[in-house]
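>>> here is my input, please return the structure:
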Amino acid sequence: MRKVLWLAVVAALPTAWAADDGFTPLFDGKSFNGWDFYVQDGKSSKRTDGQQTWSIKDGIIYCTGKPNGYMVTQKEFGDYILKLKWRFPADSKGGNSGVLLHVQDDKFWPTSVEAQLFAGRAGDFWLIYPPEVKLEVDPKRQDPKQPRHYFRIETKEPVEKKFGEWNQYEITCKGGDITLVVNGLLVNEGKNGSLKKGRIALQAEGAEIHFKDIEIKSLK
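Just a heads-up that it's a prediction; the model follows:
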């Protein structure tokens, strides 16, 4: 009996440790509590219930990508590590989306720093919009055709997984600094940003995309 009890305790330990890592879910796996929804309305945005674009099944957020818009936290955050997983459907051609950091308003698109999710470019930075939004990124990686776009750091290993497989973003925001890690690879860094706190948003930008395991850890 003692051996059985000991084995039961050992089996439970990893779960206990995982629950004590300091991360708090931003998505509870079954509802959109704590989130608001906006869609494009001409050159501005309007608030909606999100049902046309966003849905939940088996702990996964399904985004149709249409119409263009975003779901955004009701709370503001500053100095944190954000983790989330995303994938494009296996039978898709990928597409566009992004994680918007330090969201300041409800514009379309809102004032923020975008951690890119465009298929093949996850980990790029987009500033929305200079000169109000500033972030110091290696100028060698600035897009010559679009100055507010900074390419990710080139790596020897593939950054993104095949369509249908889950990718993980780990985003660290500390003061005005932002670090992006995709599937364990450091892919971008920005320093001394003009935005230091705000809401967090996920984009609907024309393509079906799925999200899960959205959680945050305060660094304060």
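
>>> any idea what the residue nearest the centre of the chain is bridged to?
By C-alpha atoms, centre = their mean, the mean C-alpha position of the chain lies nearest to Val99, the distance being 3.6 Å. Beta-bridge partners for Val99, by DSSP bridges, are Ala115, Leu202.

>>> could you measure from it over to Pro139?
From Val99 across to Pro139, the span is 23 Å (C-beta to C-beta, to the nearest Å). C-beta: built from backbone N, CA, C; applies to glycine.

>>> Gln74 too?
36 Å.

>>> chain neighbours aside, what residue packs nearest to His149?
Asp143 (3.9 Å; C-beta to C-beta, 6 or more residues apart in numbering).

>>> same check, this time on Ile81
Lys217 (4.6 Å).

>>> check contacts around the one you found.
Taking C-beta atoms under 8 Å, 6 or more residues apart in numbering, we find Lys217 in contact with 21-24, 80-81, 83.

>>> which element is the closest residue to Leu180 other than its chain neighbours on?
Closest residue to Leu180 apart from its sequence neighbours, by C-beta to C-beta, 6+ apart: Asn188 at 4.1 Å. For Asn188, the element it lies in under DSSP states H and E is strand 185-190.

>>> for the protein, longest strand please?
strand 209-218 (DSSP state E).

>>> output it as CSV, nothing but the C-alphas.
Taking Å, rounded to 0.1, in the frame of the first residue of the first chain, the C-alpha atoms of strand 209-218 are listed here in CSV:
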residue,chain,number,x,y,z
ILE,A,209,-5.4,30.6,-37.4
HIS,A,210,-5.7,28.8,-34.0
PHE,A,211,-4.4,29.7,-30.6
LYS,A,212,-4.2,28.0,-27.2
ASP,A,213,-2.3,28.0,-23.9
ILE,A,214,-2.2,31.8,-23.5
GLU,A,215,-0.6,32.6,-20.2
ILE,A,216,1.3,35.5,-18.6
LYS,A,217,3.9,35.9,-15.8
SER,A,218,4.5,39.2,-14.1
